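**Q** only geometry, no sequence info:
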(Lines give C-alpha, C1' and ligand atoms only; values in the text may rest on other atoms or scores of the structure.)
Protein backbone atom coordinates (compact mmCIF):
# COMPACT_ATOMS: atom_id res chain seq x y z
CA UNK A 1 0.00 0.00 0.00
CA UNK A 2 1.00 3.58 -0.48
CA UNK A 3 -1.85 6.03 -0.69
CA UNK A 4 -5.52 5.18 -0.23
CA UNK A 5 -7.14 5.04 -3.66
CA UNK A 6 -9.13 8.32 -3.60
CA UNK A 7 -6.01 10.31 -2.83
CA UNK A 8 -3.78 8.52 -5.33
CA UNK A 9 -6.36 9.27 -8.03
CA UNK A 10 -6.31 12.94 -7.05
CA UNK A 11 -2.51 12.96 -7.11
CA UNK A 12 -2.61 11.46 -10.61
CA UNK A 13 -4.93 14.24 -11.75
CA UNK A 14 -2.73 16.96 -10.27
CA UNK A 15 0.31 15.40 -11.92
CA UNK A 16 -1.27 15.89 -15.35
CA UNK A 17 -0.97 19.66 -14.88
CA UNK A 18 2.15 21.35 -16.28
CA UNK A 19 5.08 21.83 -13.91
CA UNK A 20 3.59 19.63 -11.19
CA UNK A 21 5.61 16.55 -10.25
CA UNK A 22 4.74 13.74 -7.85
CA UNK A 23 5.85 15.59 -4.69
CA UNK A 24 3.94 18.79 -5.44
CA UNK A 25 0.92 16.74 -6.54
CA UNK A 26 0.92 14.88 -3.20
CA UNK A 27 1.26 18.16 -1.30
CA UNK A 28 -1.67 19.68 -3.20
CA UNK A 29 -3.80 16.56 -2.77
CA UNK A 30 -3.21 16.52 0.98
CA UNK A 31 -4.06 20.21 1.09
CA UNK A 32 -7.40 19.44 -0.59
CA UNK A 33 -8.20 17.08 2.29
CA UNK A 34 -7.80 19.93 4.76
CA UNK A 35 -9.96 22.32 2.70
CA UNK A 36 -13.62 22.93 3.54
CA UNK A 37 -16.02 20.75 1.54
CA UNK A 38 -17.61 23.89 0.03
CA UNK A 39 -14.31 25.06 -1.38
CA UNK A 40 -13.58 21.62 -2.83
CA UNK A 41 -17.01 21.51 -4.49
CA UNK A 42 -16.46 25.00 -5.93
CA UNK A 43 -13.09 23.92 -7.28
CA UNK A 44 -14.57 20.75 -8.75
CA UNK A 45 -17.38 22.69 -10.42
CA UNK A 46 -15.04 25.41 -11.68
CA UNK A 47 -12.99 22.79 -13.51
CA UNK A 48 -15.96 21.36 -15.38
CA UNK A 49 -17.54 24.78 -16.00
CA UNK A 50 -14.35 26.21 -17.44
CA UNK A 51 -14.01 23.25 -19.78
CA UNK A 52 -17.67 23.17 -20.83
CA UNK A 53 -18.71 26.82 -20.94
CA UNK A 54 -15.74 28.35 -22.66
CA UNK A 55 -15.17 28.51 -26.38
CA UNK A 56 -13.49 30.69 -28.93
CA UNK A 57 -15.02 33.92 -30.26
CA UNK A 58 -16.16 33.32 -33.84
CA UNK A 59 -14.87 36.76 -34.77
CA UNK A 60 -11.49 37.25 -33.11
CA UNK A 61 -10.69 33.76 -31.78
CA UNK A 62 -10.28 34.94 -28.18
CA UNK A 63 -11.45 32.64 -25.40
CA UNK A 64 -14.93 33.59 -24.22
CA UNK A 65 -18.15 32.41 -22.58
CA UNK A 66 -20.34 34.47 -24.96
CA UNK A 67 -20.12 34.81 -28.75
CA UNK A 68 -18.96 37.30 -30.01
CA UNK A 69 -16.68 37.95 -27.05
CA UNK A 70 -16.81 40.92 -24.63
CA UNK A 71 -14.17 42.77 -26.64
CA UNK A 72 -15.69 42.27 -30.09
CA UNK A 73 -19.18 43.19 -28.86
CA UNK A 74 -17.99 46.31 -26.99
CA UNK A 75 -19.22 49.29 -29.04
CA UNK A 76 -16.91 51.72 -27.23
CA UNK A 77 -13.88 50.02 -28.73
CA UNK A 78 -12.05 51.37 -31.74
CA UNK A 79 -12.87 49.07 -34.67
CA UNK A 80 -10.26 50.70 -36.90
CA UNK A 81 -7.39 48.86 -35.19
CA UNK A 82 -6.79 45.13 -34.96
CA UNK A 83 -3.95 43.77 -32.87
CA UNK A 84 -2.83 40.33 -34.07
CA UNK A 85 -1.50 38.02 -31.35
CA UNK A 86 -0.48 34.37 -31.20
CA UNK A 87 -2.36 33.31 -28.11
CA UNK A 88 -5.41 34.14 -25.98
CA UNK A 89 -3.08 34.76 -23.05
CA UNK A 90 -1.48 37.56 -25.08
CA UNK A 91 -4.87 39.30 -25.30
CA UNK A 92 -5.15 39.14 -21.54
CA UNK A 93 -1.62 40.54 -21.11
CA UNK A 94 -2.43 43.43 -23.47
CA UNK A 95 -5.79 44.07 -21.78
CA UNK A 96 -4.08 44.33 -18.39
CA UNK A 97 -2.13 47.28 -19.81
CA UNK A 98 -5.45 49.22 -20.22
CA UNK A 99 -3.81 51.32 -22.92
CA UNK A 100 -5.14 49.72 -26.05
CA UNK A 101 -8.73 50.27 -27.10
CA UNK A 102 -8.85 48.47 -30.43
CA UNK A 103 -9.86 44.94 -31.32
CA UNK A 104 -7.82 41.74 -31.39
CA UNK A 105 -7.26 38.76 -33.59
CA UNK A 106 -5.89 35.56 -32.08
CA UNK A 107 -3.91 33.31 -34.45
CA UNK A 108 -3.68 30.31 -32.07
CA UNK A 109 -0.10 29.69 -33.08
CA UNK A 110 2.63 30.90 -35.36
CA UNK A 111 4.05 29.70 -38.65
CA UNK A 112 6.75 27.15 -37.89
CA UNK A 113 7.94 24.99 -40.80
CA UNK A 114 10.11 23.00 -38.38
CA UNK A 115 7.00 21.81 -36.54
CA UNK A 116 5.01 21.47 -39.76
CA UNK A 117 2.78 24.47 -38.94
CA UNK A 118 2.00 26.39 -42.12
CA UNK A 119 -0.13 29.51 -42.72
CA UNK A 120 -3.21 27.32 -43.22
CA UNK A 121 -2.86 25.90 -39.67
CA UNK A 122 -3.23 29.26 -37.94
CA UNK A 123 -6.26 31.54 -37.81
CA UNK A 124 -5.26 33.81 -40.74
CA UNK A 125 -8.03 33.29 -43.27
CA UNK A 126 -10.67 34.70 -40.91
CA UNK A 127 -8.41 37.73 -40.39
CA UNK A 128 -8.45 38.42 -44.12
CA UNK A 129 -12.26 38.20 -44.12
CA UNK A 130 -12.37 40.70 -41.24
CA UNK A 131 -10.10 43.07 -43.15
CA UNK A 132 -12.48 43.08 -46.14
CA UNK A 133 -15.66 43.63 -44.14
CA UNK A 134 -14.62 46.15 -41.58
CA UNK A 135 -13.30 49.66 -41.59
CA UNK A 136 -9.90 48.57 -40.40
CA UNK A 137 -7.14 51.14 -40.84
CA UNK A 138 -4.30 49.61 -38.90
CA UNK A 139 -3.13 46.09 -38.24
CA UNK A 140 -0.72 45.84 -35.29
CA UNK A 141 1.35 42.68 -35.49
CA UNK A 142 2.04 41.69 -31.89
CA UNK A 143 3.27 38.14 -32.42
CA UNK A 144 6.13 37.03 -30.18
CA UNK A 145 9.67 38.29 -30.85
CA UNK A 146 10.79 34.77 -31.80
CA UNK A 147 11.73 33.33 -35.19
CA UNK A 148 8.23 31.88 -35.60
CA UNK A 149 6.55 35.09 -34.45
CA UNK A 150 8.67 37.24 -36.77
CA UNK A 151 8.02 34.92 -39.71
CA UNK A 152 4.28 35.06 -39.02
CA UNK A 153 4.35 38.86 -38.79
CA UNK A 154 6.27 39.08 -42.09
CA UNK A 155 3.87 36.67 -43.78
CA UNK A 156 0.78 38.57 -42.67
CA UNK A 157 2.22 41.99 -43.51
CA UNK A 158 2.98 40.82 -47.09
CA UNK A 159 -0.47 39.32 -47.40
CA UNK A 160 -2.15 42.53 -46.25
CA UNK A 161 0.08 45.03 -48.06
CA UNK A 162 -1.91 45.05 -51.36
CA UNK A 163 -5.07 46.10 -49.49
CA UNK A 164 -3.40 49.35 -48.42
CA UNK A 165 -4.10 48.81 -44.73
CA UNK A 166 -1.29 50.12 -42.51
CA UNK A 167 0.57 47.25 -40.84
CA UNK A 168 2.83 47.91 -37.87
CA UNK A 169 5.00 45.70 -35.68
CA UNK A 170 5.36 46.24 -31.92
CA UNK A 171 8.75 47.58 -30.87
CA UNK A 172 11.61 45.36 -29.79
CA UNK A 173 14.18 46.63 -27.34
CA UNK A 174 15.21 46.51 -23.73
CA UNK A 175 12.42 45.61 -21.32
CA UNK A 176 11.66 48.35 -18.79
CA UNK A 177 13.51 47.60 -15.56
CA UNK A 178 15.94 45.41 -17.49
CA UNK A 179 19.68 45.68 -17.42
CA UNK A 180 21.76 46.55 -20.49
CA UNK A 181 24.56 44.39 -19.18
CA UNK A 182 22.47 41.24 -19.30
CA UNK A 183 20.61 41.92 -22.54
CA UNK A 184 21.42 39.57 -25.41
CA UNK A 185 23.03 40.92 -28.61
CA UNK A 186 19.93 40.64 -30.79
CA UNK A 187 17.81 42.60 -28.30
CA UNK A 188 20.54 45.24 -27.98
CA UNK A 189 20.88 45.57 -31.74
CA UNK A 190 17.08 45.93 -32.04
CA UNK A 191 17.04 48.51 -29.25
CA UNK A 192 19.71 50.53 -31.03
CA UNK A 193 18.01 50.16 -34.38
CA UNK A 194 14.71 51.37 -32.96
CA UNK A 195 16.18 54.40 -31.12
CA UNK A 196 14.08 57.55 -31.05
CA UNK A 197 14.83 61.22 -30.69
CA UNK A 198 14.22 62.67 -27.22
CA UNK B 1 -12.78 42.79 -18.61
CA UNK B 2 -9.90 40.49 -17.87
CA UNK B 3 -10.78 36.82 -17.91
CA UNK B 4 -14.15 35.35 -18.84
CA UNK B 5 -15.94 34.37 -15.63
CA UNK B 6 -15.58 30.55 -15.79
CA UNK B 7 -11.84 30.82 -16.13
CA UNK B 8 -11.41 33.47 -13.45
CA UNK B 9 -13.35 31.23 -11.04
CA UNK B 10 -11.05 28.35 -11.87
CA UNK B 11 -8.00 30.57 -11.35
CA UNK B 12 -9.38 31.57 -7.94
CA UNK B 13 -9.73 27.93 -6.98
CA UNK B 14 -6.20 27.08 -8.07
CA UNK B 15 -4.88 30.07 -6.12
CA UNK B 16 -6.28 28.61 -2.90
CA UNK B 17 -3.75 25.77 -3.18
CA UNK B 18 -0.45 26.20 -1.35
CA UNK B 19 2.47 27.62 -3.33
CA UNK B 20 0.32 28.63 -6.30
CA UNK B 21 0.24 32.32 -7.12
CA UNK B 22 -1.83 34.20 -9.72
CA UNK B 23 0.52 33.48 -12.64
CA UNK B 24 0.80 29.74 -12.01
CA UNK B 25 -2.95 29.56 -11.35
CA UNK B 26 -3.65 31.19 -14.72
CA UNK B 27 -1.22 28.84 -16.44
CA UNK B 28 -2.89 25.80 -14.85
CA UNK B 29 -6.38 27.08 -15.65
CA UNK B 30 -5.48 27.61 -19.31
CA UNK B 31 -3.98 24.14 -19.37
CA UNK B 32 -7.28 22.72 -18.14
CA UNK B 33 -8.96 24.27 -21.19
CA UNK B 34 -6.65 22.30 -23.46
CA UNK B 35 -7.24 19.02 -21.60
CA UNK B 36 -9.69 16.38 -22.84
CA UNK B 37 -13.14 16.66 -21.24
CA UNK B 38 -12.75 13.13 -19.81
CA UNK B 39 -9.59 14.07 -17.96
CA UNK B 40 -11.21 17.21 -16.57
CA UNK B 41 -14.22 15.23 -15.34
CA UNK B 42 -11.91 12.68 -13.71
CA UNK B 43 -10.01 15.50 -12.00
CA UNK B 44 -13.23 17.11 -10.84
CA UNK B 45 -14.54 13.80 -9.46
CA UNK B 46 -11.21 12.95 -7.81
CA UNK B 47 -11.35 16.21 -5.85
CA UNK B 48 -14.80 15.52 -4.41
CA UNK B 49 -14.11 11.81 -3.85
CA UNK B 50 -10.89 12.48 -1.98
CA UNK B 51 -12.64 14.98 0.27
CA UNK B 52 -15.73 12.84 0.85
CA UNK B 53 -14.43 9.27 0.98
CA UNK B 54 -11.35 9.72 3.11
CA UNK B 55 -11.25 9.76 6.87
CA UNK B 56 -8.91 8.89 9.68
CA UNK B 57 -8.41 5.34 10.92
CA UNK B 58 -10.09 4.99 14.33
CA UNK B 59 -7.13 2.94 15.53
CA UNK B 60 -3.94 4.62 14.32
CA UNK B 61 -5.21 7.95 12.95
CA UNK B 62 -3.75 7.41 9.47
CA UNK B 63 -5.71 8.68 6.50
CA UNK B 64 -7.80 5.91 4.94
CA UNK B 65 -10.85 5.01 2.89
CA UNK B 66 -11.67 1.95 5.05
CA UNK B 67 -11.73 1.64 8.85
CA UNK B 68 -9.48 0.27 10.33
CA UNK B 69 -6.93 1.23 7.70
CA UNK B 70 -4.99 -1.12 5.40
CA UNK B 71 -2.03 -1.13 7.75
CA UNK B 72 -3.95 -1.78 10.99
CA UNK B 73 -6.02 -4.54 9.38
CA UNK B 74 -3.02 -6.27 7.77
CA UNK B 75 -2.49 -9.48 9.77
CA UNK B 76 1.01 -9.99 8.36
CA UNK B 77 2.24 -6.89 10.15
CA UNK B 78 4.13 -7.02 13.41
CA UNK B 79 1.78 -5.78 16.11
CA UNK B 80 4.55 -5.61 18.70
CA UNK B 81 5.95 -2.37 17.28
CA UNK B 82 4.23 1.01 16.98
CA UNK B 83 5.94 3.87 15.20
CA UNK B 84 4.65 7.25 16.40
CA UNK B 85 4.67 10.01 13.76
CA UNK B 86 3.35 13.57 13.61
CA UNK B 87 1.60 13.41 10.28
CA UNK B 88 -0.10 11.02 7.85
CA UNK B 89 2.48 12.03 5.24
CA UNK B 90 5.18 10.64 7.55
CA UNK B 91 3.47 7.24 7.43
CA UNK B 92 3.60 7.35 3.65
CA UNK B 93 7.29 8.32 3.71
CA UNK B 94 8.08 5.42 6.06
CA UNK B 95 5.98 3.01 4.00
CA UNK B 96 7.90 3.94 0.85
CA UNK B 97 11.03 2.68 2.60
CA UNK B 98 9.48 -0.88 2.69
CA UNK B 99 11.73 -1.72 5.64
CA UNK B 100 9.34 -1.35 8.54
CA UNK B 101 6.69 -3.97 9.16
CA UNK B 102 5.13 -2.73 12.39
CA UNK B 103 2.12 -0.52 13.00
CA UNK B 104 1.84 3.26 13.20
CA UNK B 105 0.25 5.90 15.34
CA UNK B 106 -0.37 9.35 13.88
CA UNK B 107 -0.40 12.22 16.39
CA UNK B 108 -1.71 14.86 13.95
CA UNK B 109 0.63 17.47 15.35
CA UNK B 110 3.27 18.01 17.99
CA UNK B 111 3.28 19.68 21.37
CA UNK B 112 4.03 23.37 20.86
CA UNK B 113 3.34 25.69 23.81
CA UNK B 114 4.18 28.69 21.56
CA UNK B 115 1.21 27.85 19.33
CA UNK B 116 -0.95 26.82 22.25
CA UNK B 117 -0.84 23.13 21.30
CA UNK B 118 -0.73 21.00 24.44
CA UNK B 119 -0.64 17.20 24.90
CA UNK B 120 -4.43 17.11 24.93
CA UNK B 121 -4.56 18.60 21.41
CA UNK B 122 -2.68 15.73 19.80
CA UNK B 123 -3.73 12.13 19.36
CA UNK B 124 -1.94 10.78 22.49
CA UNK B 125 -4.77 9.42 24.64
CA UNK B 126 -5.73 6.83 22.02
CA UNK B 127 -2.08 5.76 21.89
CA UNK B 128 -2.15 5.03 25.62
CA UNK B 129 -5.31 2.96 25.13
CA UNK B 130 -3.58 0.98 22.37
CA UNK B 131 -0.59 0.35 24.64
CA UNK B 132 -2.84 -1.19 27.30
CA UNK B 133 -4.81 -3.41 24.97
CA UNK B 134 -2.19 -4.69 22.62
CA UNK B 135 0.91 -6.77 22.94
CA UNK B 136 3.14 -3.84 22.14
CA UNK B 137 6.80 -4.31 23.01
CA UNK B 138 8.39 -1.30 21.36
CA UNK B 139 7.33 2.25 20.70
CA UNK B 140 9.45 4.00 18.07
CA UNK B 141 9.20 7.77 18.40
CA UNK B 142 9.60 9.13 14.88
CA UNK B 143 8.41 12.69 15.40
CA UNK B 144 10.30 15.38 13.48
CA UNK B 145 13.79 16.44 14.64
CA UNK B 146 12.49 19.91 15.58
CA UNK B 147 11.97 21.47 18.99
CA UNK B 148 8.27 20.54 18.93
CA UNK B 149 8.98 17.02 17.71
CA UNK B 150 11.65 16.45 20.34
CA UNK B 151 9.41 17.80 23.10
CA UNK B 152 6.61 15.50 21.97
CA UNK B 153 8.94 12.50 21.89
CA UNK B 154 10.20 13.33 25.40
CA UNK B 155 6.67 13.76 26.69
CA UNK B 156 5.46 10.42 25.29
CA UNK B 157 8.54 8.52 26.43
CA UNK B 158 8.04 9.74 30.02
CA UNK B 159 4.36 8.89 29.85
CA UNK B 160 5.06 5.37 28.62
CA UNK B 161 8.10 4.59 30.76
CA UNK B 162 6.12 3.26 33.82
CA UNK B 163 4.46 0.63 31.62
CA UNK B 164 7.83 -0.96 30.89
CA UNK B 165 7.38 -0.77 27.10
CA UNK B 166 10.67 -0.09 25.31
CA UNK B 167 10.64 3.40 23.78
CA UNK B 168 13.19 4.34 21.12
CA UNK B 169 13.88 7.49 19.14
CA UNK B 170 14.93 7.45 15.46
CA UNK B 171 18.56 8.44 14.86
CA UNK B 172 19.63 11.98 14.06
CA UNK B 173 22.71 12.61 11.97
CA UNK B 174 23.91 13.49 8.52
CA UNK B 175 21.45 12.64 5.76
CA UNK B 176 22.78 10.08 3.27
CA UNK B 177 24.21 11.91 0.26
CA UNK B 178 24.58 15.04 2.39
CA UNK B 179 27.72 17.09 2.77
CA UNK B 180 29.52 17.50 6.10
CA UNK B 181 30.59 20.98 5.06
CA UNK B 182 27.03 22.24 4.81
CA UNK B 183 25.58 20.46 7.83
CA UNK B 184 24.48 22.70 10.70
CA UNK B 185 26.19 22.47 14.09
CA UNK B 186 23.31 20.74 15.86
CA UNK B 187 23.08 18.01 13.22
CA UNK B 188 26.86 17.54 13.34
CA UNK B 189 26.88 17.32 17.12
CA UNK B 190 24.05 14.76 16.97
CA UNK B 191 25.91 12.80 14.31
CA UNK B 192 29.02 12.69 16.48
CA UNK B 193 27.03 11.83 19.57
CA UNK B 194 25.32 8.94 17.81
CA UNK B 195 28.50 7.48 16.27
CA UNK B 196 28.71 3.72 16.06
CA UNK B 197 31.53 1.22 15.92
CA UNK B 198 32.30 -0.17 12.48
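**A** All right, it came through fine. As the structure is a prediction and not an experimental result, all values here were calculated from the model.
**Q** Contacts for the lengthiest helix in chain A next, please.
**A** For chain A, the helix that runs over the most residues, judged by DSSP state H, is helix A:37-53. Residues external to helix A:37-53 that are found in contact with it (CB atoms under 8 Å, 6 or more residues apart in numbering or on different chains): A:32, A:35, A:65, B:6-7, B:9-10, B:12-14, B:16, B:29, B:32-33, B:35, B:37, B:40-41, B:43-45, B:47-48, B:51-52. C-beta here means a position set from N, CA and C on the backbone, and glycine is covered the same way.
**Q** Any buried residues in it, and which?
**A** Neighbour counts using 16 or more other CB atoms under 10 Å in any protein chain shown place A:40, A:41, A:42, A:43, A:44, A:45, A:46, A:47, A:48, A:49, A:50, A:51 of helix A:37-53 among the buried residues.
**Q** so who does the spatially most central residue of chain A touch?
**A** Centre of chain A computed as the mean C-alpha position; nearest residue by CA atoms, centre = their mean is residue A:87, 2.5 Å away. By CB under 8 Å, 6+ apart, the contact set of residue A:87 is A:106, A:107, A:108, A:109.
**Q** can you check residue A:152 too?
**A** Under the criterion of CB under 8 Å, 6+ apart, the neighbours of residue A:152 are A:86, A:107, A:110, A:111, A:122, A:141, A:143.
**Q** How confident was the prediction at the fourth one?
**A** What it means is residue A:111. Listed pLDDT for residue A:111 reads 92.
**Q** In space, what's closest to it - neighbours in sequence excluded?
**A** Leaving aside its sequence neighbours, residue A:111 sits nearest to residue A:152 (CB to CB, 6 or more residues apart in numbering or on different chains; 4.7 Å).
**Q** does the one you found sit in a helix, a strand or a coil?
**A** Going by DSSP: H, G, I helix; E, B strand; the rest coil, the secondary structure assigned to residue A:152 is helix.
**Q** circling back: of the contacts of residue A:87, just the buried ones, PyMOL syntax please.
**A** Here is the PyMOL selection string for the buried members of the contacts of residue A:87, based on 16+ other CB under 10 Å:
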select buried, chain A and resi 106+107+109
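**Q** Pick out the least confidently modelled helix or strand of chain A, by mean pLDDT.
**A** Scoring the helices and strands of chain A by mean pLDDT, DSSP states H and E places helix A:185-193 at the bottom, with a mean of 83.
**Q** List of residues touching that one?
**A** Counting by CB under 8 Å, 6+ apart, the neighbours of helix A:185-193 from elsewhere in the structure are A:172, A:173, A:174, A:180, A:183.
**Q** can you give me the offset of that helix from its chain's centre?
**A** 25 Å (CA atoms, centre = their mean, to the nearest Å).
**Q** Just the strands from chain A, written as ranges.
**A** Chain-ordered strands for chain A, with DSSP state E as the definition, fall at A:55-56, A:63-64, A:78-85, A:102-106, A:138-141, A:166-169.
**Q** Can you tell me what sits against the first one?
**A** Residues external to strand A:55-56 that are found in contact with it (CB under 8 Å, 6+ apart): A:62, A:63, A:64, A:65, A:67, A:88, A:106, A:108.
**Q** Excluding covalently adjacent residues, which one is nearest to residue A:73?
**A** With CB to CB, 6+ apart as the criterion, residue A:73 has its nearest non-adjacent residue at 7.5 Å, and that residue is residue A:66.
**Q** ok, how many other residues are close to the one you found?
**A** Look at residue A:66: counted by other CB atoms under 10 Å in any protein chain shown, it has 13 neighbours.
**Q** hmm, back to that, PyMOL command for the buried members of the contacts of strand A:55-56?
**A** The PyMOL command for the buried members of the contacts of strand A:55-56 (criterion: 16+ other CB under 10 Å) is given here:
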select buried, chain A and resi 62+63+64+65+88+106
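**Q** filter the contacts of strand A:55-56 down to the ones near chain B?
**A** Among those, proximity to chain B is found for A:63, A:64, A:65, A:88 (CB under 8 Å from any CB of the partner chain).
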